[in-house]
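>>> what shape does this take:
(one chain, ligands or ions: 1)
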Amino acid sequence: MYPAPIEAYFAPRSIDEALQCLAEAGDDATFIAGGMSLMQAMKARLVEPRVLIDLNEVEELRGLARGPRSLTVRPMTRYRELAATSALHGALQALGDAAATVGDRQVRNAGTIGGSLCWNYVASCMPSACLCLDATLVLASLAGGTRSVPIKTFLVGPLETARRDDELLIEIVFPASIRRGVGSAYRKYGGAVDGLPIVGIAAQVEVDEAGLCTHARFSVGGILPTARAFDGVGEILRGRPGTPAAFAEAAAAAADAIETQGDHLASAGYRRVLIRTLGRDVLAEAHARASNGAGR
Ligand SMILES: Cc1cc2nc3c(=O)[nH]c(=O)nc-3n(C[C@H](O)[C@H](O)[C@H](O)COP(=O)(O)OP(=O)(O)OC[C@H]3O[C@@H](n4cnc5c(N)ncnc54)[C@H](O)[C@@H]3O)c2cc1C
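Predicted structure coming up:
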């Protein structure tokens, strides 16, 4: 199907200009980033924006910036850039892993981290990776200035976030320790045709000098209502060496605790099996990276 007619198209060159366009166009306007999800939804007439505000010319919304204790990723950063950058090595490597596995080369060339988070499709990689890495999202509006929202609050449900209609996502901020001994990883198990994750898992592990786990984070995507974290993994691994048995126990606890759904792609039980098996492997990988001095 063709999209419903679009009455106006704007290509602002700054955040202020983008917000101004949105304020003037009102409820019928929508931002377009990579267009990978939005165009499909427009063609299916699930959404029928009257006005499109294209973010591709807004230079301020691109790229990464390291602060003393954080790494800021701007929303128009493409998957291919995230997959290639060395800035994510160590504690944030799960984000690079996730970006590298999204869709195919064309999708990775066009799609953006901000578009994925704002769309919050169930079968997507960025929400679970960003949840595991404890991101904070910075939203801007003409009326309200800026506000910071923790990812856990931002992700509300399928195609639903805490972003208000008058807000633009301008930054995704990750706590980025430069100390040694923190590693993270992401893997998905996807359908054969489009590769969208049936289940995607991210883990971050911190180890001390003796190789014992001091902290771990774990999150799962591909499940309803939205990506979810399971803190129990950190409790199970704390103070223990990284052994296959420990990872299997932690992932099994996550599979038991996290509610899963059945759909045309997989049963709820199959998703639980994936959380158990993929989860164990992702924890082992994050631990190996932490032990190899990832996070330096
Ligand atoms: C064939 C195919 C395979 C795919 N496989 C995967 C996969 O394996 N894993 C995966 O995670 N995803 C996959 N995707 C989805 C892909 O990741 C999309 O790129 C992503 O969901 C949306 O990003 P986008 O930049 O294209 O956003 P768009 O489609 O342009 O926008 C999505 C939504 O976000 C809003 N938006 C965008 N930027 C902002 C902003 N800065 N502030 C406020 N609102 C904003 C838009 O208004 C729109 O509502 C696939 C897509 C396709 C077509």
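>>> who in the stretch 1-150 of the chain is up against the ligand?
30-38, 55, 75, 102-103, 107, 111-112, 114-116, 118-119, 121, 124-126 (C-beta under 6 Å from any ligand atom). Every residue, glycine included, has its C-beta placed from N, CA and C.
>>> list only buried entries from these.
30-38, 55, 75, 102-103, 107, 111-112, 114-116, 118-119, 121, 124-126 (16 or more other C-beta atoms under 10 Å).
>>> helices - which of these land there?
Using DSSP state H, the subset of those located in helices is 38, 107, 114, 115, 116, 118, 119, 126.
>>> tell me who's in contact with the spatially closest residue to the first one that is not a sequence neighbour.
Read it as residue 38. Closest residue to residue 38 apart from its sequence neighbours, by C-beta to C-beta, 6 or more residues apart in numbering: residue 32 at 5.4 Å. Contacts for residue 32 (C-beta atoms under 8 Å, 6 or more residues apart in numbering) come out as 38, 39, 52, 53, 54, 55, 56.
>>> neighbour-wise, which one of these leads?
Within these, most neighbours by other C-beta atoms under 10 Å means residue 53, with 24 neighbours.
>>> was I right to think residue 289 contacts residue 90?
Yes - counting by C-beta atoms under 8 Å, residue 90 is a contact partner of residue 289 at 7.4 Å.
>>> and the helices in the stretch 101-250 of the chain?
105-110, 113-119, 126-132, 151-154, 232-237, 244-257 (DSSP state H, counting those that start in this stretch).
>>> hey, which of those helices is tucked in deepest?
Most buried of the helices of the stretch 101-250 of the chain by mean neighbour count (mean count of other C-beta atoms under 10 Å) is helix 126-132; its value is a mean of 30.
>>> just how off-centre is that one within its chain?
4 Å (C-alpha atoms, centre = their mean, to the nearest Å).
>>> show me which of the contacts of residue 32 is closest to residue 218.
Closest approach between these and residue 218, by C-beta to C-beta: residue 38, at 30.5 Å.
>>> compute the number of surrounding residues for residue 279.
28.
>>> surely it touches residue 218?
Yes - in this structure, residue 279 is within contact of residue 218 by C-beta under 8 Å, at 6.9 Å.
>>> just to revisit the earlier point, switch the helices of the stretch 101-250 of the chain over to a markdown table; also include mean pLDDT.
Putting the helices of the stretch 101-250 of the chain into a markdown table (pLDDT from 0 to 100) gives the following:
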| stretch | mean pLDDT |
| --- | --- |
| helix 105-110 | 96 |
| helix 113-119 | 98 |
| helix 126-132 | 98 |
| helix 151-154 | 98 |
| helix 232-237 | 97 |
| helix 244-257 | 98 |
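>>> quick one, which of these is nearest to residue 196?
The nearest among the helices of the stretch 101-250 of the chain, by C-beta to C-beta, is helix 105-110 at 10.1 Å.
>>> counting by contacts, list what that closest one packs against.
Where contact means 3 or more C-beta pairs under 8 Å, 6 or more residues apart in numbering; DSSP states H and E, helix 105-110 is packed against helix 79-84.
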